[in-house]
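Colleague: Coordinates for the following, if possible.
(chains A, B, C and D)
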Protein chains: 2
Amino acid sequence: MSKESLLPLLTGHVLTHGLGQASLRPLAQAAGTSDRMLLYHFGTKERLIIDLLSHVAGLYSAAIDAVMAEGERPATRQALMARILEQNADPAFAPFMMLWWEIVGGAARDLPGYRAAAEAMVGELLVWLEGHMPAGDPDPAGGARYLLTVIEGTMMLAAVGHGETARQGLLAGGLLPT
Amino acid sequence: MSKESLLPLLTGHVLTHGLGQASLRPLAQAAGTSDRMLLYHFGTKERLIIDLLSHVAGLYSAAIDAVMAEGERPATRQALMARILEQNADPAFAPFMMLWWEIVGGAARDLPGYRAAAEAMVGELLVWLEGHMPAGDPDPAGGARYLLTVIEGTMMLAAVGHGETARQGLLAGGLLPT
DNA sequence: AAGCGCATGTAGCAATCGCTACATTATGGG
DNA sequence: CCCATAATGTAGCGATTGCTACATGCGCTT
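Modeller: Residues are numbered from 1 along each chain as shown, chains lettered A, B, ... in the order given. The predicted structure follows:
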């Protein structure tokens, strides 16, 4: 078993149990190996986490690309927002969201690997947004950054039980179809 | 030493070292007691954390109220945004921000106490915003929720190294003074 | 076949974890 | 003063942590 074949299994465990509680022996069991072998492959738990975060960022990038392919371009910013929020509200997306907030926390504390992974994922989403802005949008670059900011704020409010507050804010800001 | 006199010291330790890494013995040392006494007062580490989060939420509420008193009302939404973002960019605010992302993560995973604390703090900020919307604002309630969403998104992007992206988004959205 | 290097198992170490049993001191009301 | 109750110290338990030493298997080349 190589590092590369291990990473998806490790990612699965982290998605359901979280990064903070991840210790070598449970991780190893989830991947069908031993803590001994995890350290053999990654050298250190810290490097394992770094590699894992990088792998997660790659997964996210691939998922974005997959969605990108199937895209018919929405006609308005409101339609684009609605589509993204609907996708992010999918329960299947929840484990990734929980992991995401741990990554943000690690980035805020500048733990090794966290900021790089978070920055990459946000960057990927930004590129996707820019490529999906409505045709004829007056400012696709600025608009994508604007929508990105609003989307992330909405996700955060939803995480802390203020999803309805965010929805009302989006309506008041003219960012949702009426 | 009572619970109430312990909580500020515990909060200090958590602000600099984080919630996830907080274990009883270091917490006790920071508060000038022993792990034994922390359990004597709080019963369980879980309840200690819950009480601590509630205390942090109270601190945040008090801080908001203090700022509320000194408020001359800004003339525009842009000025209000600028003022808030300036305050949040204060380096003295950084430890709280790092703690905040841990609280959001806990709320997303529904750990006991986290969601309640996060919801209370966001609610407090929302009330403050509503009370500080510019005079004559066409929709203070909706506008406050809109600004709240944008503010939280900006904070998150700043945490992951995309602060400049957020700033460009705010400009494109007409939410910063030009 | 011999030996070499990669891969893996077994066992354990020192540290830390939350928590508890037991003993002791301090304090305040009768 | 005496005693009950609250507060605190000491010591340790069993589990888990990241990591390592040592031995063994496996496959390949010479």
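
Colleague: And residue A:111, its phi and psi?
Modeller: Backbone torsions for residue A:111, taken as degrees, to the nearest 10, come to phi -70, psi 150.

Colleague: Wait, residue A:174 touches residue A:78, no?
Modeller: Yes - with the criterion set as CB atoms under 8 Å, residue A:174 and residue A:78 qualify as a contacting pair; they are 7.4 Å apart. C-beta here means a position set from N, CA and C on the backbone, and glycine is covered the same way.

Colleague: need the longest helix for chain A.
Modeller: Scanning chain A for the helix with the most residues, using DSSP state H, yields helix A:45-69.

Colleague: which helices and strands sit right next to that one?
Modeller: Where contact means 3 or more CB pairs under 8 Å, 6 or more residues apart in numbering or on different chains; DSSP states H and E, helix A:45-69 is packed against helix A:3-17, helix A:35-42, helix A:94-108, helix A:114-131.

Colleague: If we use 7 Å, what do you get?
Modeller: Contact here means 3 or more CB pairs under 7 Å, 6 or more residues apart in numbering or on different chains; DSSP states H and E; on that basis helix A:45-69 packs against helix A:3-17, helix A:35-42, helix A:114-131.

Colleague: Quick check: residues of chain A near DNA strand D?
Modeller: A:22-26, A:35-36, A:39, A:44-46 (CB under 7 Å from any atom of the strand).

Colleague: Give me the number of neighbouring residues for residue A:131.
Modeller: Residue A:131 has 12 neighbours, counted by other CB atoms under 10 Å in any protein chain shown.

Colleague: can you pull the contacts of it?
Modeller: Residues counted as contacts of residue A:131 (CB atoms under 7 Å, 6 or more residues apart in numbering or on different chains) are residue A:68.

Colleague: Could you report the pLDDT at it?
Modeller: With respect to pLDDT, residue A:131 scores 93.

Colleague: That one and chain B, how far apart?
Modeller: 16 Å (CB to the nearest CB, to the nearest Å).

Colleague: Residue A:134 now?
Modeller: 14 Å.

Colleague: So that residue sits against residue A:76, correct?
Modeller: Yes - Residue A:134 lies in contact with residue A:76 (CB atoms under 7 Å); the separation is 5.5 Å.

Colleague: More neighbours: which of the two?
Modeller: Per other CB under 10 Å, whichever of residue A:134 and residue A:76 has more neighbours is residue A:134, with 16 against 12.

Colleague: who touches the more buried one in this structure?
Modeller: Residue A:134 makes contact with A:73-77, A:80, according to CB under 7 Å, 6+ apart.

Colleague: If any of those residues are buried, give me the ChimeraX selection for them.
Modeller: Restricted to buried positions by 16 or more other CB atoms under 10 Å in any protein chain shown, the ChimeraX selection for the contacts of residue A:134 reads:
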select /A:74,77,80
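
Colleague: Which member of the contacts of residue A:134 is positioned nearest chain B?
Modeller: residue A:77 (10.3 Å; CB to the nearest CB).

Colleague: ok, now which ones touch the closest one?
Modeller: Contacts of residue A:77 (CB under 7 Å, 6+ apart): A:134, A:143, A:147, A:175.

Colleague: Need the three-state assignment for the last one.
Modeller: Following DSSP: H, G, I helix; E, B strand; the rest coil, we place residue A:175 in the coil state.

Colleague: same check, this time on residue A:72
Modeller: Following three-state DSSP, residue A:72 is assigned to coil.

Colleague: again with residue A:19
Modeller: Per three-state DSSP, residue A:19 ends up coil.

Colleague: swap in residue A:138?
Modeller: For residue A:138, the assignment made with three-state DSSP gives coil.

Colleague: And for it, the neighbour number?
Modeller: Neighbours of residue A:138 under the rule other CB under 10 Å: 9.

Colleague: how close does it sit to residue B:172?
Modeller: Distance of residue A:138 to residue B:172, given as CB to CB, to the nearest Å: 10 Å.
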